Each structure stands twice: as C-alpha cells, then as structure tokens.
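>>> Let me see the structure of the following:
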Amino acid sequence: MAGSGLVVATGLCSSRASRAQPAAPFIADVHCHTFNAHDIPIEGFLQGLATGHGVPRFIVDLLKDPIAKLAQTAWSLAPDAAAEMLILSGLLGGGTPPAPASSKALAAPTHDELISAAAARARKLAPVSKVKHHPELKALLAAEELDDGDLLGAVLQAQAKDDPELAAWLTANGAPKAKPFRLPAPGAADFEKSFLVWSGGDSKGWLETAFDSVLEGLLGAVRFISRVATSRLEITRQLATVAPEISLFTPALVDFNIWAAGQSAHSSIAQQVEMQGTLSHLHALGKILPGNRAVSFHGYVPFNPYAESPNPRYAAIGGDPEDEFRRWDADAPRLDGGPFDVVRAAIQEHGFIGVKIYPPNGFTVWNNAGLPSSHPLQRDTRRLIDLALRRLYRWCDEQRVPVLVHTGSSNLFAKQFAEFSRPDRWEPVLDRFKALHVCLGHFGGTSKSKVGDEGRYWVDLAGDLAHKYQDRVWFDISDAQSPLPSQQMTRLVAALQRPGRDLRRHLIYGTDFFMNDLVTDPGEYLRSVANQLGTDALFKDLGPEFPSWFFGDNAMAFLGLRNSSDGSIPEGSAPGNRKRLLAWYQGKGAPVPKWL
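As a prediction, the model looks like this:
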C-alpha cells in the first residue's frame, strides 16, 4: 500500500491547504468527548485516578488545595447546564452563535507549583511551630536553608516521632515507614542525606522524589481539567473546525458519579443528554459553524450500573429477570427517570447513537456477584449491578444499540479494578446476547493481563474475541500515540492479520479527544495517523482498501448503519440506528447527511 494510494483513498495529507476538499466519502471519530467541567466531579475524579494508580494517599491529600482551586476556576469559566441551555435554546430560536472563545485558557499548574502547594498544605498538617525537640532543625527552618521537599521530610519526620496522631496519619495515608533519623549539626557533610527519609537514597527530598514518580500522570489529568473549562458548544465547534474531514463525531458522555469518592457532577446525566441532543440538532441545522456548514454529532449516553442498582424493582424480581425487563421497557422512556430511563430516552428521543460503560470505575461486565469479597461493595449490591447490566444488554441487543466500553487498565478508581474491562470478560455476554455490538475502546492500549492469560497483551485478547464473535466486536485506536511506536504498531498489525485470521474490518478510527495529552489537535492527529498508514512498511500487507475501512466503513458496521457482512444498508423497518436517526432528522427538520 503506497503512500500516494492512501492519499487518494482518504484525501488526507499534512498540508492544511488540502483539508477543505477531502476525497474520502466518509470519516468518523467514534471515540471523543465534548462534556465540560460541570459534567464530572473534578476533585473526586482526580482523587480516584490517583489512588487507583497507586499514588500514596498522603500525596493525594497534599494536592487537595491546588486541585480544589483549579476546580473552582474551571467551574467559574465553564457555563453550567442551565446557562448553556439558555444559549442553545436561543440559537434554536434564531439567535446568533457566540463568538469563538478567546485564546485565554485555564492555565494548568506546573510541577513546581504543585510541589509548592503540597508543601504549604503539609506545613498546615505539621506546623513548624510544633517542632520543639530539634533546636538545630528550628534554626535551619528559620533560615530557610532547606528546599520544600527536604523541609517537609524533616518536619514530618521530626514531628511524627513525638506525635502519634501525625504518625498515624502518615501511615494511614500511604507514607512508607521512616528510616532511623539523626539530625546532624548544620553544615555537616551528611546533612542532605539525613533528610532522605522516604527517598530510598535518592539525592532529592522525600516529597519531590515521591512526586516525580507520579506527578506527570497527575499533571496530565490536571491539564485535562484545564481543557474542559469552556462551553460544550465551544468544544464541539473546535472539533468540527480543526478536523473538517470528519463527517460524524460520536462523543461519549461519562458518569463518574458515586465512584469518584462519593462525589457527583454539578449537571445531571439527564441535563447533559438534553444539551448534547440540542447541540446535535444545532449542528445538523448548520447553526453553529461558519457558512452554515452542517456536521453530525451523535453521542453515547453513559450507563452507571451502580447508580441504577438502588431501584427497588431489581431487588423485588422473583421470576425470569429478562421477562421483567421486557415489561418495564415497554413503557415510554423518561428523561426524568432513573439512569436506565435516561439511556432509553437519549437513544430514542435525543439523537444518541450508543451507550458507554466504564468498568474501571468499579464493576466488571458480567458476574459482579462472583468477584472476591475484597471488593468494596457488598455482594448483594454487586448482584443488583449484575441485574442492571443484564437489563442494559438485553435492551441494546433487542434495539440494536451499540455499546462502547473503556478497555484498558487505565483510569482506575482502585488497583483491584485493573482487570475489570479485560476483553475476554465479554464472552458470557456475547454468548447470551446474540445481536449485541461491542467496541473495545482503546483496543486494550498497552495493558497486559495479570491473571488468567498472564503476560498477554489485551490487544491480543481483543483480537481473539473479535475472531470468535465475527461481526459483533470492534476496537478503536483512541488514546494511541501517533505515530505509533514500532513495538506497539507491530503488535497491533499482528493482532489484525495472521494465518487464519483477518480482522481488518474490525479496527476503527477514534481520538479520545480531549481526555489525554496525545490528541490536543484532532485535525493534526488525523493526518498524522493517515500519514503513518500510508508510509510505514508494516501496514503494506493490510491492503489498499484498509484506510477506507478503518476511517469510516468499519464504524458504520459497528454503529449498525451498514450490515457487517456485506456493507449493505439495513432494511428500513429493522430496529437500529438507521431507522432511529432517519426519524430524528425528519423530526428535527434537518437535512439527512450523505453518510446516512
């Protein structure tokens, strides 16, 4: 597959001048995001990510002040649900779109700023004034001859010796036990080493050493928060403007409520569905972009089974659950109902195209009741979560609603959740629900199995699943580095095609914008991916038709807009997205897009 062939097939190249007239008939971004700061519990989200990825709780606690300040600033810059709906309703009524946001953005704190903020909080926890038993240390602190990291190590170390409460706090919050401590005289040659109480012999102070091992990940999350400090309208406009080659965006809303340290977002999922549905309507009418350019946005509605599980009807089920679910779901959907009612309303009435679930929050896709007793939720609660998921799968199977699932041991809220989205966990679900379409978001990333198929990459497990359940399992590359590193690229190509296996019709393009630092400009990312497909020798054997499959056709099959087997259009009377979306466009008085 030559590079020139790719350009012909996709209409993409690195030149911005060529972007206005892509030759590709259809390109989709099946995995992106358009929510803003009010749609996630910022502090609980960052706290959950940090603890889930092994950051000691004392570091998380030290960061509470800067994160809280960042969250408050983000909320002040981003319109809440009520304010944004007023703007969107005005646009539907014939108003003028607000001007694009200025270049001013919420500045994310730097490494040094977070260190300094953590130092200030630690001084509150162990104030210098209480350090009475080390005169030399008091003199050094007064002279400010120690940097923040060494100062904090010294203060907390000295304080903890005679302060059981502080010692208990350090222990409870993950600080390693201090080594035997001896304070030398000022100026002694071993002075610096004496303060390395938690650093394992590094030349840095204990706080900076601890931060350096985890701070880049936290800073990425903090930078993510800075990117959502704007309106949802502005985010969709940015996506459509920088990547005009893309005809269809399918942004995923997320529901981290409850899981994120018990916190909830300011805007409810129902409000987010209403806003995204209105944005979809406005973009379909060409009321947001210059020149009345229309572009398609059809989202994934999130489903949080933990939030659904308190519904008393689940606990009262006596017979076949699926018969009960069928009766319940015969009622008209309600946006003001429970979480699953919101799912049904989003799909049936608000132009949504699928459902997004997030197992690393704390649930697996099947048999939560059988998880080890170390799980933080009681078994009875996990059994109700299983029923809520089973109801979702039954309805999506019957109504031909595709499911996007976060697949990778990332964004965990607890270490023990790392294997919850492993691809092979879907086998009992797909065995039972024969028409269900699933997309394994991120293609497993670089995750490796730690149990069962120990040492196997999830990319390989995802390939095994797609090979077993042909025409029902796909995977997207969202959150992938571009260009892909050679080792990861080799693994991906090997998972797609080998003797007896051809999964080229299963890989889908997606960005994960703006959940990571890898995709800050979706347009440049798109062209970078296209260039690598066209120039790297590893992709030659995938064939000249692969780019059009990858960038568009495979997405159409996953979303149920084309039949997986032959690419034909589903019958108009068949349940599924094509029938629903045609009715939605007609009901909204918007032109039907060419891709539909």
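>>> Below-threshold pLDDT in the stretch 1-150 of the chain: ranges please.
For the stretch 1-150 of the chain, the stretches with pLDDT under 70 are 1-25, 53-59, 100-105, 111, 115, 118-150.
>>> That one: helices as residue ranges?
Along the stretch 1-150 of the chain, the segments classed as helices by DSSP state H, counting those that start in this stretch run 3-10, 42-52, 57-62, 64-77, 81-92, 111-125, 135-143, 148-162.
>>> Could you do the stretch 201-350 of the chain as well?
Counting by DSSP H, counting those that start in this stretch, the helices of the stretch 201-350 of the chain are 206-227, 232-242, 269-285, 305-308, 312-315, 321-328, 339-349.
>>> Out of the helices and strands in this protein, which is least certain?
Here the helix or strand of the chain ranked lowest by mean pLDDT, DSSP states H and E is helix 3-10, holding a mean of 36.
>>> my guess is E274 meets L335, correct?
Yes - contact criterion C-beta atoms under 8 Å: E274 and L335 qualify, at 6.8 Å. Any C-beta I mention is one placed from the backbone N, CA and C, and that applies to glycine too.
>>> Can you lay out the helices of the stretch 201-350 of the chain as JSON lines showing mean pLDDT?
Listed next are these as JSON lines, based on pLDDT from 0 to 100:
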{"stretch": "helix 206-227", "mean pLDDT": "64"}
{"stretch": "helix 232-242", "mean pLDDT": "92"}
{"stretch": "helix 269-285", "mean pLDDT": "96"}
{"stretch": "helix 305-308", "mean pLDDT": "94"}
{"stretch": "helix 312-315", "mean pLDDT": "94"}
{"stretch": "helix 321-328", "mean pLDDT": "94"}
{"stretch": "helix 339-349", "mean pLDDT": "97"}
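>>> any chance of these in a markdown table, with distance to N411 and mean neighbour count too?
Shown next, in a markdown table, are the helices of the stretch 201-350 of the chain (distance: least, C-beta to C-beta, whole Å; neighbours: other C-beta atoms under 10 Å):
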| stretch | distance to N411 | mean neighbour count |
| --- | --- | --- |
| helix 206-227 | 9 | 19 |
| helix 232-242 | 19 | 22 |
| helix 269-285 | 18 | 23 |
| helix 305-308 | 16 | 22 |
| helix 312-315 | 27 | 13 |
| helix 321-328 | 29 | 15 |
| helix 339-349 | 20 | 23 |
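>>> can I get the ones you listed in CSV with distance to C439?
Output for the helices of the stretch 201-350 of the chain, formatted as CSV (distance: least, C-beta to C-beta, whole Å):
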stretch, distance to C439
helix 206-227, 22
helix 232-242, 19
helix 269-285, 19
helix 305-308, 18
helix 312-315, 27
helix 321-328, 23
helix 339-349, 16
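>>> follow-up on the earlier one: identify the contacts common to E274 and L335.
Residues touching both E274 and L335 by C-beta atoms under 8 Å, 6 or more residues apart in numbering: H350.
>>> check contacts around G262.
Counted by C-beta under 8 Å, 6+ apart, G262 has contacts G44.
>>> now L496
463, 502-504, 506-507, 542.
>>> same thing but 10 Å
443, 459, 463, 466, 475, 502-507, 539, 541-542, 546, 550 (C-beta atoms under 10 Å, 6 or more residues apart in numbering).
>>> cool, L596 as well?
With the criterion set at C-beta under 10 Å, 6+ apart, L596 makes contact with 26, 247-248, 296, 298, 556, 561, 569, 577-578, 581-582, 585.
>>> Return the members of the residues you listed classed as buried.
Buried members of the contacts of L596, counted by 16 or more other C-beta atoms under 10 Å: 26, 247-248, 296, 298, 556, 561, 577-578, 581, 585.
>>> Next one: the most centrally placed residue in the chain from P251, what distance?
Closest to where the C-alpha atoms of the chain average out (C-alpha atoms, centre = their mean) is M515, at 5.7 Å. Counting by C-beta to C-beta, to the nearest Å, the gap from M515 to P251 is 11 Å.
>>> who touches both of the two?
31-33, 35.
>>> Which of those residues fall within strands?
Within these, residues falling in strands by DSSP state E are 31-32.
>>> Can you check the shared contacts of M515 and P251 and name whichever has the most neighbours?
Highest neighbour count within the shared contacts of M515 and P251, by other C-beta atoms under 10 Å: H31, with 28 neighbours.
>>> how about the nearest residue to that one once chain neighbours are set aside, what does it touch?
Counting by C-beta to C-beta, 6 or more residues apart in numbering, G510 is the residue found nearest to H31 once chain neighbours are left out, at 3.1 Å. When contacts are counted by C-beta under 10 Å, 6+ apart, G510 touches 28-32, 249-250, 252, 404, 439, 441-443, 475-480, 519, 555.
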